[in-house]
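Visitor: I need the structure of the sequence given here:
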Amino acid sequence: MVPRATPGDPALVLIVEDDRDNREACAEYLRFSGFHVEEARDGIEALEKGLDLLPDLILMDLAIPDVDGCEVTRRLRRNPKTRHIPIVALTALVMPTDVQRALEAGCNAFIEKPCHPDQLLIEIQRQLKQREKLVH
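Guide: Purely as a prediction, here's the structure:
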């Protein structure tokens with residue numbers, strides 16, 4: 001677990017992505033942007049890390065092995081420990097039905113891959129601000 005002792009500490013983002021190159025590129029960019037980053041390669045690891053780490057935000061690929069991203073999102077939403085965590089779908093599945101499934105599962109936002117890194121950063125910051133408003 002990555003403890004954040006004070007409110008000024010960087011936010012912890014969990015990246016759920018099965019493609020190693022995509023996961024590492026995203027993680028590197030977010031670290032460079034000042035975030036703590038943890039990574040998960042599949043749905044089982046995403047559930048375990050989501051519950052253990054209680055990240056500030058989760059970037060969720062929908063097409064991941066073992067348990068798909070929509071089911072991981074549903075399970076995290078059902079758990080009182082994790083239901084408040086913003087989850088942003090970051091996926092190449094971009095049909096209107098995919099967007100609808102992600103939002104119905106509990107994703108707070110949907111970003112199409114590939115995306116411009118600045119677009120990703122803007123959405124992460126927006127979601128973290130929304131969460132902060134709800135907490136206080």
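Visitor: Quick one: the helices in this protein, in order.
Guide: Along the chain, counting by DSSP state H, helices occupy 20-32, 43-53, 69-78, 96-105, 117-135.
Visitor: do you know which of the ones you listed lies nearest Asp9?
Guide: helix 117-135 (12.5 Å; CB to CB). In short, each C-beta sits where N, CA and C put it, glycine included.
Visitor: which other residues reach that closest one?
Guide: 11, 13, 26, 29-30, 33, 35, 56-57, 59, 84-86, 88, 90, 108-109, 111 (CB atoms under 8 Å, 6 or more residues apart in numbering).
Visitor: In strands only, show me those residues.
Guide: Val13, Leu57, Leu59, Val88, Leu90, Ala109, Ile111 (DSSP state E).
Visitor: any idea of the pLDDT on the fifth one?
Guide: This means Leu90. At Leu90, the model reports a pLDDT of 92.
Visitor: what does the first one give?
Guide: What the model reports as pLDDT for Val13 is 98.
Visitor: again, but for Cys115
Guide: For Cys115, pLDDT reads 87.
Visitor: And for it, the neighbour number?
Guide: Residues lying near Cys115 (other CB atoms under 10 Å) number 12.
Visitor: With Gly69 instead?
Guide: That count, for Gly69 with other CB under 10 Å as the rule, works out to 28.
Visitor: show me what contacts it?
Guide: Val16, Gly43, Ala46, Met60, Asp61, Leu62, Ala63, Ala89, Thr91, Ala102, Ala105.
Visitor: Need the buried ones from these selected in PyMOL.
Guide: The buried residues among the contacts of Gly69 can be selected in PyMOL (16 or more other CB atoms under 10 Å) with this line:
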select buried, resi 16+43+46+60+61+62+89+91+102+105
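Visitor: wait, which of the contacts of Gly69 is closest to Cys70?
Guide: Closest to Cys70, out of all of the contacts of Gly69 and judged by CB to CB, is Ala105, at 4.0 Å.
Visitor: The closest one and Glu24: what is the separation?
Guide: Distance, Ala105 to Glu24, by CB to CB, to the nearest Å: 26 Å.
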